[in-house]
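> Give the three-dimensional model of this entry:
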Amino acid sequence: MNDDLPAARWWYGALLLGIAVFLFGLHLAQVFPASGYAVEPGYGAPVLAFEFAGGQPDLIAIFGPDSDPRQVGRLAAMRTGNEQDYLYMLLYAGFLASGLVALSHESGLRALKTAAALPIVAGLCDAWENWLLFDIQAAFTVGDYSPAMASLPYPVTAKFVLLALTNVAIGLGIARIGRWHELAGTLVIVACVPVLMAIAVPARYGWTLLASTGGGWIVLLGLAMMASWRAAVRKRPLVEPEMPAPARRRAKPDAAPARKLFGRRGT
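Model (predicted):
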């Protein structure tokens, strides 16, 4: 590894993990139930409705009543998706953390290395959330109410807030790279605003969470591709260091002209 390119190894890691996040995310979309029994359209995917469920009526709207023949299939698909979601947590936490460390090297913004802890903590909140969802789903299967539902809003809210803050850090890092990247960084930051709306009114704005969080991830993955190519092929960093301006040499004052002496030189 070239020591002159300290960000290269982090960009390579972000690239590989980012591709894995993209491919595994497509796989999970096929595993989770594609539709619910009577889920509000504002949620988008049934798995988001499950994360924001607040009572038995919400669970029935997701999985359906006992008389619905598709209830068993929805329950099985949701459990399988949440089981495989643990691998997805590791992938996206590693992708985002690697990208933030790489951006820290490129932009010189040391705070981004500290911000790399945000997606890791978000992944831990996600794991806590899934543990509660397993308990809630098991209780619903036998017709009981799970006390875990009262604790569910805490990890769900923390996860999405931390992921939004991660995108803000990514946007700041991208904006610091150069003038042409300021627009992309600003758009990543502005896209985080709907997260607050989705948390406050998930039944109406829950569908915006995928775009709000995923937008920054796509920009970071594209940046990782560009930076990895420059490091591997051109052996150059993503951000070229600014060359110091050459020091100007002070002009020497003109020497005084020699005076002419008239007459003979004494002996």
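
> CA atoms for contacts and neighbours, from now on please.
Fine.

> Following element in sequence after the helix or strand harbouring C125, please.
Using DSSP states H and E, the element containing C125 is helix 117-141. Sequence order places helix 153-175 as the next helix or strand after helix 117-141, per DSSP H and E.

> quick check: mean pLDDT across that following helix?
For helix 153-175, the mean per-residue pLDDT is 95.

> Just say helix, strand or coil for L109.
Assigned with DSSP: H, G, I helix; E, B strand; the rest coil, L109 falls in the coil class.

> typo on my end, S35
From three-state DSSP, the assignment for S35 is coil.

> what sits up against the helix holding C125?
Helix 117-141 has contacts (C-alpha atoms under 8 Å, 6 or more residues apart in numbering) with 50-51, 56, 59, 75, 79, 82, 86, 89-90, 92-94, 96-97, 145-149, 151-152, 155-156, 158-160, 162-163, 165-166.

> Any idea how far the helix or strand bottoming out on mean pLDDT in the chain is from the middle of the chain?
Lowest by mean pLDDT, DSSP states H and E among the helices and strands of the chain is helix 182-190, with a mean of 88. Centroid separation for helix 182-190 versus its chain: 13 Å, with C-alpha atoms, centre = their mean, to the nearest Å.

> the inter-axis angle of that helix versus helix 153-175?
Taking axes from the mean of the first three to the mean of the last three C-alpha atoms, to 10 degrees, one finds helix 182-190 and helix 153-175 inclined to each other by 170 degrees.

> that older thread, could you check the angle the helix holding C125 makes with helix 153-175?
Computed with the same axes, to 10 degrees, the direction of helix 117-141 lies at 150 degrees from that of helix 153-175.

> and helix 117-141, how far from the chain's centre?
On the basis of C-alpha atoms, centre = their mean, helix 117-141 sits 19 Å off its chain's mean C-alpha point.

> How about the contacts made by S107?
S107 neighbours (C-alpha under 8 Å, 6+ apart): 173-174, 176-177, 239.

> can we see that at 7 Å?
Contacts for S107 (C-alpha atoms under 7 Å, 6 or more residues apart in numbering) come out as 173, 176-177.

> Need the pLDDT of it.
pLDDT recorded at S107 is 82.

> how close does it sit to I174?
8 Å (C-alpha to C-alpha, to the nearest Å).

> closest to A200 among the contacts of S107?
For those, the residue nearest A200 by C-alpha to C-alpha is G173; the value is 28.0 Å.

> Check the burial of the nearest residue to the closest one once chain neighbours are set aside by counting its neighbours.
Of all residues not flanking G173 in the chain, L103 sits nearest, at 5.7 Å (C-alpha to C-alpha, 6 or more residues apart in numbering). By other C-alpha atoms under 10 Å, the residues close to L103 number 31.

> and the nearest residue to L48 once chain neighbours are set aside, what is it in contact with?
Nearest residue to L48 in three dimensions, chain neighbours excluded: G206, at 7.1 Å (C-alpha to C-alpha, 6+ apart). Going by C-alpha under 7 Å, 6+ apart, G206 touches 42-44, 198.
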